[in-house]
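# model this:
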Amino acid sequence: MIGTSVCKWTVSYFALAVVWLLLAEVLMVAGFGFPHSDIGGPDTLVIVHMVCVGWLSTALCGALFQFVPVLVAKPLYAERWTPLALALLTLGLIVLLAGFLALGGHLNGPSWLLPLGAGLLVAGFALVVANLGMTLWSARPLPAAARFTAVGLACICVTAAFGGTFSLVLSGTGVGALWPDLLPSGVSIHAIAGLGGWLTFTAMGVSYRLLAMFMLAPDGDAELGRLAWRSGAAALAVVVVGGVLALWRATGLNLVLLLAGAAALLSLAAYGSDVFGLYRTRKRRALELNTRMSLLSLGNLVAAAILGAASAAAGSLQSHAGALAFLVAFGWLTGLVLANLYKIVPFLTWLETYGPVMGRAPTPRVQDLVAERRASKWFVLFFAGTWAAVFMLSIDSALGFRIAVALVTLATLGLCEELVRARRLADVAESLRLPLGATVPHLLVSRN
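All right, here's what the predicted structure looks like:
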């Protein structure tokens with residue numbers, strides 16, 4: 001990574017993503033959306049898209065713009081596209097949320113808000129996919145971790161296509177009449193392609209590389225890695241192809257979901273075994289805070305898989321859908337992203353500030369930009385609040401859920417302060433803070 005060009009807009013993606021996360025958490029604390037309203041209602045859709053598009057997708061796009069070139073040892077195809085993609089994603093989400101609010105009766109708005117917002121989001125994701133896709137294409141054959149990203153990019157295309165179609169249905173066009181089962185049945189494909197394919201499968205691939213790098217571990221087991229990728233890709237293919245065929249023939253999704261679920265569990269088992277191997281063979285014996293919290297997030301993914309399989313076997317999956325979705329979105333994905341941001345932001349800040357003067361003046365270590373003991377309490381509070389929120393959803397306690405999410409929000413604010421401090425070099429010893437030739441980085445934009 002030394003000497004690698006820092007993507008100018010990655011930190012901007014991270015900053016805007018965190019704003020969306022905090023907005024979603026504040027709305028949940030205020031009682032907006034599920035469990036106070038229907039899980040598929042407009043209010044809940046506002047929260048879901050804030051978290052999945054505004055927070056998770058924006059943060060993941062920013063990370064991929066920086067790390068895909070590292071994974072494939074090729075420059076980003078077109079960095080000039082990155083601010084335009086961010087603008088389209090942000091504007092599209094704002095318009096889409098306005099459409100949902102109008103649908104829920106919270107504001108007066110025209111029926112075309114939903115299709116317009118969806119169209120802007122599709123355009124933004126198209127730029128992201130084209131940029132990253134061309135970068136991957138230039139590096140064929142792809143390394144193992146990059147193959148996960150390639151599948152994830154295909155899944156965001158599927159997710160955006162279904163989302164755009166749903167916006168036409170909800171806005172009152174004739175699409176719903178032509179395909180009446182599209183909305184009730186297609187939501188499952190949309191959610192699995194988004195949460196399972198784009199967010200989870202891509203995060204699995206990126207975490208392979210980040211965990212190995214931050215733990216100083218050798219590459220994982222090649223056989224387990226291939227098994228995780230092949231079975232996961234097969235599961236997603238079954239959901240997308242089989243699901244579309246099932247919708248077309250109106251045969252239901254039960255068989256499709258059963259086959260995909262079995263393949264997905266195999267993928268997660270192989271992935272978990274491989275990550276455990278990285279942990280056992282690491283050379284850095286004392287794990288840093290971000291790695292410990294990443295492993296805790298992986299534990300939440302395992303717990304979600306086990307609980308989901310058990311609920312499906314018991315026939316109670318629908319009644320526990322909200323709790324499981326929150327565990328995946330916050331316990332697994334949000335926990336993993338926050339843990340890695342706690343390392344990535346100081347790492348990029350270090351590269352930007354001290355990379356140009358390395359070897360010519362004494363410089364701090366990356367870990368000197370953060371205070372792990374102070375930050376650890378925020379991670380403890382975040383995960384404790386997340387587990388409490390999942391429990392409250394499982395027992396249908398709406399008030400308890402709001403209190404638990406308030407703890408999660410407080411923890412998120414604390415972690416945001418830690419990231420700002422790292423960006424401002426606030427915890428670096430004065431004697432090492434700014435050697436000759438080094439400058440304090442901008443808060444929201446990096447210098448290349």
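# For Arg424, see how far away the residue nearest to the spatial centre of the chain is.
The residue lying closest to the centre of the chain (C-alpha atoms, centre = their mean) is Leu56, at 3.5 Å. For Leu56, the distance to Arg424 (C-beta to C-beta, to the nearest Å) stands at 26 Å. Using the backbone N, CA and C atoms, a C-beta is placed for each residue, glycine as well.
# Make sure the residue nearest to the centre of the chain is actually in contact with Ala329.
Yes - counting by C-beta atoms under 8 Å, Leu56 does reach Ala329; the two are 7.4 Å apart.
# The spatially closest residue to Gly232 that is not a sequence neighbour: helix or strand, and which one exactly?
Spatial nearest neighbour of Gly232, chain neighbours left out: Ser267 (3.5 Å); criterion: C-beta to C-beta, 6 or more residues apart in numbering. Counting by DSSP states H and E, the element that carries Ser267 is helix 254-280.
# And that helix, what does it pack against?
If contacts are counted by 3 or more C-beta pairs under 8 Å, 6 or more residues apart in numbering; DSSP states H and E, helix 254-280 sits against helix 202-215, helix 222-237, helix 243-249, helix 289-314.
# Please identify the buried residues of that helix?
For helix 254-280, a neighbour-count test (16 or more other C-beta atoms under 10 Å) marks 256-257, 260-261, 263-272, 274-275, 277-278 as buried.
# Give me the next element, helix or strand, following the helix or strand bottoming out on mean pLDDT in the chain.
Here the helix or strand of the chain ranked lowest by mean pLDDT, DSSP states H and E is helix 175-178, holding a mean of 56. Next in sequence after helix 175-178, counting helices and strands by DSSP H and E, comes helix 182-191.
# how about Cys155, what does it touch?
Listed by C-beta atoms under 8 Å, 6 or more residues apart in numbering, the contact set of Cys155 reads 193-194, 196-198, 201, 236, 240.
# Spatially nearest residue to it, not counting backbone neighbours?
Gly197 (2.8 Å).
# Return the distance of the one you found relative to Gly243.
On the measure of C-beta to C-beta, Gly197 and Gly243 end up 12 Å apart.
# Which one's more surrounded, those two?
Neighbours were counted for Gly197 and for Gly243 using other C-beta atoms under 10 Å; Gly197 has more, 26 against 23.
# pretty sure that one is touching Ala160, no?
No - the criterion here is C-beta under 8 Å, and Gly197 misses it with Ala160 at 11.7 Å.
# Output the below-cut-off pLDDT ranges for this structure.
1-4, 174-181, 448 (pLDDT under 70).
# thinking again about what came up before, closest to Trp81 out of the contacts of Cys155?
Closest to Trp81 out of the contacts of Cys155 is Trp198 (18.7 Å), distances taken as C-beta to C-beta.
# Report the contact partners of that closest one.
57, 60, 152-153, 155-156, 159.
# So it versus Asn131, what's the distance?
15 Å.
# swap in Val240?
For Val240, the distance to Asn131 (C-beta to C-beta) stands at 23 Å.
# What about Lys8, how many residues nearby?
18.
# And it, how far from Met134?
The value you get for Lys8 to Met134, if C-beta to C-beta is used, is 18 Å.
# same deal with Thr10?
Taken as C-beta to C-beta, the span from Thr10 to Met134 is 18 Å.
# ok, those two, which is more surrounded?
Each of Thr10 and Met134 has its neighbours counted (other C-beta under 10 Å); Thr10 has more, 24 against 15.
# Quick check on the more buried one: phi, psi?
phi -60, psi -50 (degrees, to the nearest 10).
# isn't it right up against Ala63?
Yes - using C-beta under 8 Å, Thr10 makes contact with Ala63 at a distance of 7.1 Å.
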